[in-house]
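Participant: Structure of the sequence below:
(2 chains)
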Amino acid sequence: ELKVEQNPLFLSMQEGKNYTIYCNYSTTSDRLYWYRQDPGKSLESLFVLLSNGAVKQEGRLMASLDTKARLSTLHITAAVHDLSATYFCAVDQLDSNYQLIWGAGTKLIIKP
Amino acid sequence: NAGVTQTPKFQVLKTGQSMTLQCAQDMNHNSMYWYRQDPGMGLRLIYYSASEGTTDKGEVPNGYNVSRLNKREFSLRLESAAPSQTSVYFCASNDQGVNEKLFFGSGTQLSVL
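Facilitator: Numbering: from 1, shown residues only, chains lettered A, B, ... in the order given. Prediction:
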């Protein structure tokens, strides 16, 4: 059974600092997704990582995937308040591209 | 750009009542999904429809039924609501194999008393 674990689950940080959110999964998969959710809002796709070694960057966020270690990281560079949100990773089940297993989310608060 | 539209946004039901959540997308996507989100947990897939005319169970289908009415619309029905179904429900769509990312509706906050 595929399980997805994110850590930390809660992160309070100062603006300008760098931090990393980790997403570990338990069985083989080669597709991983990162989403953002603002409080009381819907989810928005950030990154789609489709192969081992994939790295994608958008502004102050960079995501990477290591399928051998079953690990993805979401790195935040020089955090700004607008990045405060909950970040979710989700992993494809190999036998069903339609069924994602989601992490519990990392609630990120960035203080001025 | 409407994207994925869900109705209603809020609903309060009494135990045993029934209701249908509506979802429509205007992006010509083949695949549609219903998720529920509970506090402190990731999303869990209730049902999905890979393409028009097909539906399949997800991780937590018990107590729910779905209908893929046409390519645009995918509804979720609670036949006899239970307090355990209190949750936020999200509809999503994508073109699996073409553009993997999911597009989500704005969600339905459902409370079952």
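
Participant: Spell out which residues of chain A are next to chain B.
Facilitator: A:4, A:9, A:31, A:33, A:35, A:41-45, A:48, A:50, A:88, A:90, A:97-105 (C-beta under 8 Å from any C-beta of the partner chain). From N, CA and C alone the C-beta is placed, and that goes for glycine too.

Participant: Okay, now the sheet partners of the lowest-mean-pLDDT helix or strand in chain A, with direction.
Facilitator: When the helices and strands of chain A are scored by mean pLDDT, DSSP states H and E, strand A:96-102 comes last with a mean of 83. In the sheet, strand A:96-102 lines up against strand A:85-93 (antiparallel) (DSSP bridges).

Participant: Show residues contacting the partner strand.
Facilitator: Strand A:85-93 is contacted from outside by A:2, A:4, A:6, A:21, A:23, A:25, A:29-39, A:43, A:46, A:72, A:74, A:99-103, A:105-108, B:42-43, using C-beta atoms under 8 Å, 6 or more residues apart in numbering or on different chains.

Participant: Off-centre distance for stretch A:69-79?
Facilitator: Centre-to-centre, stretch A:69-79 and its host chain are 7 Å apart (C-alpha atoms, centre = their mean, to the nearest Å).

Participant: right, and the helix or strand after the helix or strand that contains A:Ser64?
Facilitator: For A:Ser64, the host element (DSSP states H and E) is strand A:61-66. Downstream of strand A:61-66, the first helix or strand assigned by DSSP H and E is strand A:71-76.

Participant: Checking A:Ile21 next. Helix, strand or coil?
Facilitator: State at A:Ile21, reduced to three classes by DSSP: H, G, I helix; E, B strand; the rest coil: strand.

Participant: picking that back up, for the strand holding A:Ser64, which positions count as buried?
Facilitator: By 16 or more other C-beta atoms under 10 Å in any protein chain shown, the buried positions in strand A:61-66 come out as A:Leu61, A:Met62, A:Ala63, A:Ser64, A:Leu65.
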